[in-house]
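Colleague: pasting the structure only:
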(Lines give C-alpha, C1' and ligand atoms only; values in the text may rest on other atoms or scores of the structure.)
Protein backbone atom coordinates (compact mmCIF):
# COMPACT_ATOMS: atom_id res chain seq x y z
CA UNK A 1 0.00 0.00 0.00
CA UNK A 2 1.23 3.50 -0.85
CA UNK A 3 2.86 4.91 2.34
CA UNK A 4 1.78 8.42 1.37
CA UNK A 5 -1.86 7.33 1.17
CA UNK A 6 -1.60 5.55 4.52
CA UNK A 7 -0.14 8.68 6.15
CA UNK A 8 -2.78 10.93 4.55
CA UNK A 9 -5.59 8.68 5.79
CA UNK A 10 -4.16 8.59 9.32
CA UNK A 11 -3.85 12.39 9.40
CA UNK A 12 -7.41 12.79 8.12
CA UNK A 13 -8.72 10.38 10.75
CA UNK A 14 -6.96 12.25 13.56
CA UNK A 15 -8.28 15.59 12.31
CA UNK A 16 -11.86 14.27 12.13
CA UNK A 17 -11.64 12.85 15.65
CA UNK A 18 -10.25 16.12 17.00
CA UNK A 19 -13.02 18.10 15.30
CA UNK A 20 -15.60 15.74 16.84
CA UNK A 21 -14.04 16.11 20.30
CA UNK A 22 -13.13 12.44 20.74
CA UNK A 23 -10.18 10.08 20.75
CA UNK A 24 -10.63 6.97 18.60
CA UNK A 25 -8.53 3.86 19.16
CA UNK A 26 -8.69 0.09 18.96
CA UNK A 27 -10.27 -1.69 21.92
CA UNK A 28 -8.58 -4.47 23.88
CA UNK A 29 -9.57 -6.83 26.65
CA UNK A 30 -12.83 -7.94 28.23
CA UNK A 31 -13.53 -4.68 30.09
CA UNK A 32 -13.34 -2.45 27.02
CA UNK A 33 -15.30 -4.92 24.90
CA UNK A 34 -18.02 -5.03 27.58
CA UNK A 35 -18.20 -1.22 27.45
CA UNK A 36 -18.53 -1.37 23.66
CA UNK A 37 -21.33 -3.96 23.89
CA UNK A 38 -23.13 -1.80 26.48
CA UNK A 39 -22.88 1.21 24.16
CA UNK A 40 -24.32 -0.85 21.30
CA UNK A 41 -27.24 -1.89 23.51
CA UNK A 42 -27.92 1.75 24.37
CA UNK A 43 -27.78 2.86 20.72
CA UNK A 44 -30.10 0.11 19.52
CA UNK A 45 -32.50 0.31 22.45
CA UNK A 46 -31.84 -3.16 23.84
CA UNK A 47 -31.39 -4.51 27.35
CA UNK A 48 -27.78 -4.39 28.51
CA UNK A 49 -27.66 -8.20 28.66
CA UNK A 50 -28.85 -8.47 25.03
CA UNK A 51 -26.50 -6.22 23.02
CA UNK A 52 -26.33 -6.49 19.21
CA UNK A 53 -22.86 -8.04 19.61
CA UNK A 54 -21.82 -10.10 22.63
CA UNK A 55 -18.74 -8.89 24.56
CA UNK A 56 -17.12 -12.30 24.13
CA UNK A 57 -17.58 -12.11 20.38
CA UNK A 58 -15.96 -8.67 20.34
CA UNK A 59 -13.03 -10.03 22.36
CA UNK A 60 -12.62 -12.87 19.86
CA UNK A 61 -12.77 -10.50 16.88
CA UNK A 62 -10.20 -8.14 18.33
CA UNK A 63 -7.89 -10.89 19.53
CA UNK A 64 -7.89 -12.54 16.08
CA UNK A 65 -6.76 -9.33 14.38
CA UNK A 66 -10.06 -7.89 13.24
CA UNK A 67 -11.31 -4.33 13.75
CA UNK A 68 -13.01 -3.22 16.98
CA UNK A 69 -12.69 0.45 17.90
CA UNK A 70 -14.11 2.93 20.37
CA UNK A 71 -14.62 6.69 20.39
CA UNK A 72 -13.87 8.24 23.78
CA UNK A 73 -14.97 11.58 25.17
CA UNK A 74 -12.53 11.76 28.06
CA UNK A 75 -12.69 8.38 29.75
CA UNK A 76 -16.22 7.61 28.51
CA UNK A 77 -16.82 5.40 25.49
CA UNK A 78 -19.47 7.17 23.37
CA UNK A 79 -19.22 5.26 20.07
CA UNK A 80 -17.95 2.00 18.67
CA UNK A 81 -17.37 0.20 15.38
CA UNK A 82 -16.61 -3.46 14.61
CA UNK A 83 -15.84 -5.45 11.47
CA UNK A 84 -13.98 -8.47 10.18
CA UNK A 85 -11.93 -9.54 7.20
CA UNK A 86 -13.62 -11.40 4.38
CA UNK A 87 -12.47 -12.93 1.08
CA UNK A 88 -10.33 -12.31 -0.82
CA UNK A 89 -7.90 -12.89 2.02
CA UNK A 90 -7.40 -9.69 4.00
CA UNK A 91 -8.13 -7.48 0.99
CA UNK A 92 -11.62 -6.55 2.18
CA UNK A 93 -13.21 -5.76 5.51
CA UNK A 94 -16.90 -6.02 6.31
CA UNK A 95 -17.97 -3.40 8.85
CA UNK A 96 -20.87 -5.01 10.66
CA UNK A 97 -21.80 -2.34 13.17
CA UNK A 98 -21.08 1.29 13.99
CA UNK A 99 -23.00 3.45 16.42
CA UNK A 100 -22.75 6.45 18.69
CA UNK A 101 -24.74 7.32 21.78
CA UNK A 102 -27.77 9.54 21.04
CA UNK A 103 -26.62 12.33 23.34
CA UNK A 104 -23.48 12.96 21.25
CA UNK A 105 -25.15 12.73 17.83
CA UNK A 106 -24.48 15.50 15.34
CA UNK A 107 -20.85 16.07 16.32
CA UNK A 108 -19.29 14.12 13.43
CA UNK A 109 -18.27 11.12 15.55
CA UNK A 110 -19.77 8.60 13.12
CA UNK A 111 -17.74 9.96 10.23
CA UNK A 112 -14.63 10.06 12.42
CA UNK A 113 -15.09 6.37 13.29
CA UNK A 114 -15.28 5.45 9.61
CA UNK A 115 -12.18 7.49 8.77
CA UNK A 116 -10.31 5.74 11.58
CA UNK A 117 -11.46 2.44 10.12
CA UNK A 118 -10.22 3.52 6.68
CA UNK A 119 -6.81 4.48 8.05
CA UNK A 120 -6.51 1.20 9.93
CA UNK A 121 -7.62 -0.73 6.85
CA UNK A 122 -5.07 0.91 4.58
CA UNK A 123 -2.33 0.25 7.13
CA UNK A 124 -3.32 -3.44 7.05
CA UNK A 125 -3.51 -3.76 3.26
CA UNK A 126 -7.30 -3.55 2.99
CA UNK A 127 -8.56 -2.22 -0.35
CA UNK A 128 -12.32 -2.05 0.27
CA UNK A 129 -14.71 -1.91 3.21
CA UNK A 130 -18.32 -3.02 2.85
CA UNK A 131 -21.27 -2.46 5.16
CA UNK A 132 -25.05 -2.22 5.13
CA UNK A 133 -27.41 0.53 6.26
CA UNK A 134 -31.13 1.20 6.34
CA UNK A 135 -32.07 3.23 3.22
CA UNK A 136 -34.80 5.00 5.20
CA UNK A 137 -32.29 6.61 7.60
CA UNK A 138 -31.40 9.88 5.89
CA UNK A 139 -28.41 10.84 8.05
CA UNK A 140 -26.69 7.49 7.40
CA UNK A 141 -27.30 7.78 3.66
CA UNK A 142 -25.76 11.25 3.70
CA UNK A 143 -22.67 10.13 5.65
CA UNK A 144 -22.12 6.95 3.66
CA UNK A 145 -22.77 8.13 0.12
CA UNK A 146 -21.98 11.86 0.27
CA UNK A 147 -19.38 12.48 2.98
CA UNK A 148 -17.52 9.16 2.62
CA UNK A 149 -18.18 8.55 -1.08
CA UNK A 150 -19.09 4.86 -0.77
CA UNK A 151 -20.75 3.10 -3.75
CA UNK A 152 -24.04 1.24 -3.62
CA UNK A 153 -23.74 -2.43 -4.54
CA UNK A 154 -27.13 -3.99 -3.86
CA UNK A 155 -30.58 -3.52 -2.31
CA UNK A 156 -31.26 -6.38 0.14
CA UNK A 157 -34.93 -6.82 1.16
CA UNK A 158 -35.45 -7.93 4.79
CA UNK A 159 -31.77 -8.92 5.07
CA UNK A 160 -31.74 -9.79 8.78
CA UNK A 161 -35.33 -10.99 9.05
CA UNK A 162 -37.44 -9.86 12.04
CA UNK A 163 -35.53 -7.61 14.45
CA UNK A 164 -36.53 -6.88 18.05
CA UNK A 165 -34.37 -3.91 19.03
CA UNK A 166 -35.76 -0.51 19.87
CA UNK A 167 -34.87 1.01 16.49
CA UNK A 168 -36.16 -1.70 14.13
CA UNK A 169 -38.85 -3.71 15.90
CA UNK A 170 -41.92 -4.32 13.78
CA UNK A 171 -40.27 -3.20 10.54
CA UNK A 172 -38.73 -5.22 7.70
CA UNK A 173 -34.91 -5.07 7.81
CA UNK A 174 -34.24 -3.89 4.24
CA UNK A 175 -30.65 -2.73 3.76
CA UNK A 176 -28.38 -1.18 1.18
CA UNK A 177 -24.98 -2.83 0.75
CA UNK A 178 -22.21 -0.36 -0.02
CA UNK A 179 -18.56 -0.77 -0.94
CA UNK A 180 -15.92 1.81 -0.06
CA UNK A 181 -12.79 1.98 -2.21
CA UNK A 182 -10.26 3.13 0.40
CA UNK A 183 -7.76 4.45 -2.13
CA UNK A 184 -10.36 6.48 -4.06
CA UNK A 185 -12.62 7.65 -1.23
CA UNK A 186 -13.87 11.10 -2.28
CA UNK A 187 -16.83 13.09 -0.92
CA UNK A 188 -19.69 13.70 -3.36
CA UNK A 189 -21.76 16.79 -4.04
CA UNK A 190 -24.84 17.33 -1.91
CA UNK A 191 -26.69 19.08 -4.75
CA UNK A 192 -29.83 17.43 -6.19
CA UNK A 193 -29.84 16.81 -9.97
CA UNK A 194 -31.52 19.71 -11.76
CA UNK A 195 -34.90 18.93 -13.26
CA UNK A 196 -34.78 15.25 -12.29
CA UNK A 197 -38.21 13.74 -11.63
CA UNK A 198 -39.01 12.07 -8.32
CA UNK A 199 -39.45 8.30 -8.47
CA UNK A 200 -41.25 8.41 -5.11
CA UNK A 201 -43.78 11.11 -4.28
CA UNK A 202 -46.04 12.04 -1.38
CA UNK A 203 -49.82 11.94 -1.83
CA UNK A 204 -51.83 13.08 1.21
CA UNK A 205 -48.69 12.50 3.29
CA UNK A 206 -48.18 8.93 2.10
CA UNK A 207 -45.26 7.78 -0.08
CA UNK A 208 -46.16 6.41 -3.52
CA UNK A 209 -43.91 5.07 -6.29
CA UNK A 210 -44.01 7.26 -9.41
CA UNK A 211 -42.04 5.15 -11.87
CA UNK A 212 -44.31 6.13 -14.76
CA UNK A 213 -42.81 9.64 -14.55
CA UNK A 214 -39.40 8.31 -15.61
CA UNK A 215 -40.24 7.28 -19.17
CA UNK A 216 -37.78 9.75 -20.77
CA UNK A 217 -35.61 10.52 -17.76
CA UNK A 218 -31.92 9.73 -17.37
CA UNK A 219 -31.74 10.91 -13.76
CA UNK A 220 -34.19 10.75 -10.87
CA UNK A 221 -34.45 11.02 -7.09
CA UNK A 222 -35.83 8.73 -4.39
CA UNK A 223 -37.04 10.50 -1.26
CA UNK A 224 -36.59 9.43 2.37
CA UNK A 225 -38.53 10.57 5.44
CA UNK A 226 -36.88 13.26 7.52
CA UNK A 227 -36.82 11.10 10.67
CA UNK A 228 -37.85 7.48 10.17
CA UNK A 229 -36.94 6.53 13.74
CA UNK A 230 -39.41 9.05 15.19
CA UNK A 231 -42.01 7.95 12.64
CA UNK A 232 -41.69 4.34 13.75
CA UNK A 233 -42.59 5.42 17.27
CA UNK A 234 -45.45 7.76 16.39
CA UNK A 235 -46.97 6.17 13.25
CA UNK A 236 -45.64 2.65 12.56
CA UNK A 237 -48.18 2.14 9.77
CA UNK A 238 -46.79 5.11 7.85
CA UNK A 239 -43.26 3.90 8.51
CA UNK A 240 -44.19 0.56 6.96
CA UNK A 241 -45.72 2.37 3.97
CA UNK A 242 -42.37 4.14 3.45
CA UNK A 243 -40.58 0.78 3.49
CA UNK A 244 -43.01 -0.76 1.02
CA UNK A 245 -42.90 2.17 -1.40
CA UNK A 246 -39.14 2.64 -1.27
CA UNK A 247 -38.51 -1.08 -1.75
CA UNK A 248 -40.74 -1.12 -4.85
CA UNK A 249 -38.88 1.86 -6.32
CA UNK A 250 -35.35 0.67 -5.57
CA UNK A 251 -35.83 -2.93 -6.71
CA UNK A 252 -37.58 -1.77 -9.87
CA UNK A 253 -34.98 0.84 -10.82
CA UNK A 254 -31.88 -1.20 -9.98
CA UNK A 255 -33.24 -4.09 -12.04
CA UNK A 256 -33.80 -1.71 -14.97
CA UNK A 257 -30.28 -0.34 -15.43
CA UNK A 258 -30.37 2.51 -12.92
CA UNK A 259 -27.65 3.05 -10.31
CA UNK A 260 -27.33 5.25 -7.24
CA UNK A 261 -24.89 8.12 -7.74
CA UNK A 262 -25.20 9.94 -4.41
CA UNK A 263 -27.50 11.44 -1.81
CA UNK A 264 -28.88 14.93 -1.34
CA UNK A 265 -30.28 16.13 1.97
CA UNK A 266 -32.85 18.08 -0.05
CA UNK A 267 -34.04 15.47 -2.56
CA UNK A 268 -32.87 12.09 -1.22
CA UNK A 269 -31.05 9.46 -3.27
CA UNK A 270 -29.76 10.47 -6.70
CA UNK A 271 -29.92 7.84 -9.45
CA UNK A 272 -28.84 7.73 -13.09
CA UNK A 273 -29.94 5.44 -15.92
CA UNK A 274 -26.74 3.94 -17.32
CA UNK A 275 -28.29 1.37 -19.63
CA UNK A 276 -31.62 -0.32 -20.11
CA UNK A 277 -31.29 -4.03 -19.46
CA UNK A 278 -32.83 -6.32 -22.11
CA UNK A 279 -36.18 -7.55 -20.89
CA UNK A 280 -36.17 -5.10 -17.97
CA UNK A 281 -37.86 -1.85 -19.01
CA UNK A 282 -38.60 0.71 -16.32
CA UNK A 283 -41.54 -1.00 -14.57
CA UNK A 284 -45.02 0.37 -14.30
CA UNK A 285 -46.28 0.80 -10.77
CA UNK A 286 -48.31 -2.10 -9.36
CA UNK A 287 -51.10 -0.78 -7.13
CA UNK A 288 -50.86 -3.94 -5.01
CA UNK A 289 -47.65 -2.53 -3.52
CA UNK A 290 -49.51 0.23 -1.70
CA UNK A 291 -50.68 -1.77 1.29
CA UNK A 292 -48.92 -1.54 4.64
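Modeller: Perfect, I can see it now. Remember, predicted model here, so these are calculated numbers, not experimental data. Numbering: from 1, shown residues only.

Colleague: Please count neighbours and contacts with C-alpha atoms only from this point.
Modeller: OK.

Colleague: so what's residue 81 bridging to?
Modeller: On the basis of DSSP bridges, residue 81 takes part in beta bridges with residue 69, residue 98.

Colleague: doesn't residue 99 make contact with it?
Modeller: Yes: A contact is recorded between residue 81 and residue 99 when judged using Cα atoms under 8 Å, the distance being 6.6 Å.

Colleague: and residue 92, how many neighbours does it have?
Modeller: By other Cα atoms under 10 Å, 22 other residues sit near residue 92.

Colleague: should've said residue 231
Modeller: Other residues near residue 231 come to 16 when the count uses other Cα under 10 Å.

Colleague: Could you report the pLDDT at the closest residue to it other than its chain neighbours?
Modeller: Counting by Cα to Cα, 6 or more residues apart in numbering, the nearest residue to residue 231 once its immediate chain neighbours are dropped is residue 239, at 5.9 Å. The predicted local distance difference test score for residue 239 is 94.

Colleague: Tell me which helix or strand comes right after the helix or strand residue 261 falls within.
Modeller: Assigned by DSSP states H and E, residue 261 falls within strand 258-264. Using DSSP H and E, the helix or strand that follows strand 258-264 towards the C-terminus is strand 268-273.

Colleague: My impression was that the residue nearest to residue 231 belongs to a helix - is that right?
Modeller: Yes: according to DSSP: H, G, I helix; E, B strand; the rest coil, residue 239 belongs to a helix.

Colleague: residue boundaries of the helices in the stretch 1-150 of the chain?
Modeller: According to DSSP state H, counting those that start in this stretch, the stretch 1-150 of the chain carries its helices in the segments 3-20, 29-43, 55-63, 109-123, 138-141.

Colleague: In this protein, where is pLDDT below threshold?
Modeller: Along the chain, segments meeting pLDDT under 70 span 88-90, 166, 169, 275-292.

Colleague: sorry, back to before: do you know which of the helices of the stretch 1-150 of the chain lies nearest residue 217?
Modeller: Comparing the helices of the stretch 1-150 of the chain by their distance to residue 217 (Cα to Cα), the top pick is helix 138-141, with 23.1 Å.

Colleague: so what does the helix or strand immediately after the closest one in the chain touch, helix or strand wise?
Modeller: On the C-terminal side of helix 138-141, the nearest following helix or strand under DSSP H and E is strand 151-156. With contacts taken as 3 or more Cα pairs under 8 Å, 6 or more residues apart in numbering; DSSP states H and E, strand 151-156 sits against strand 175-181, strand 258-264.

Colleague: Give me the residues contacting strand 151-156.
Modeller: Under the criterion Cα atoms under 8 Å, 6 or more residues apart in numbering, residues 145, 174-180, 250-251, 259-261 lie in contact with strand 151-156.

Colleague: How about stretch 30-41?
Modeller: Applying Cα under 8 Å, 6+ apart, the external contacts of stretch 30-41 come out as 27, 47-48, 50-56, 58-59, 70, 77-80, 99-101.

Colleague: May I see the PyMOL selection of the buried members of those residues?
Modeller: Remark: buried members of the contacts of stretch 30-41, expressed as a PyMOL selection using 16 or more other Cα atoms under 10 Å:
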select buried, resi 27+51+52+53+54+55+58+59+70+77+78+79+80+99+100+101
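
Colleague: Looks like the residue nearest to residue 231 contacts residue 227 (just checking).
Modeller: No: using Cα under 8 Å, residue 239 is not in contact with residue 227, being 9.9 Å away.

Colleague: quick one: which of these two has more around it?
Modeller: Remark: of residue 239 and residue 227, residue 239 carries more neighbours, 24 against 13, as counted by other Cα under 10 Å.

Colleague: Look up how far residue 49 lies from that one.
Modeller: When distances are taken as Cα to Cα, to the nearest Å, residue 239 and residue 49 turn out to be 28 Å apart.
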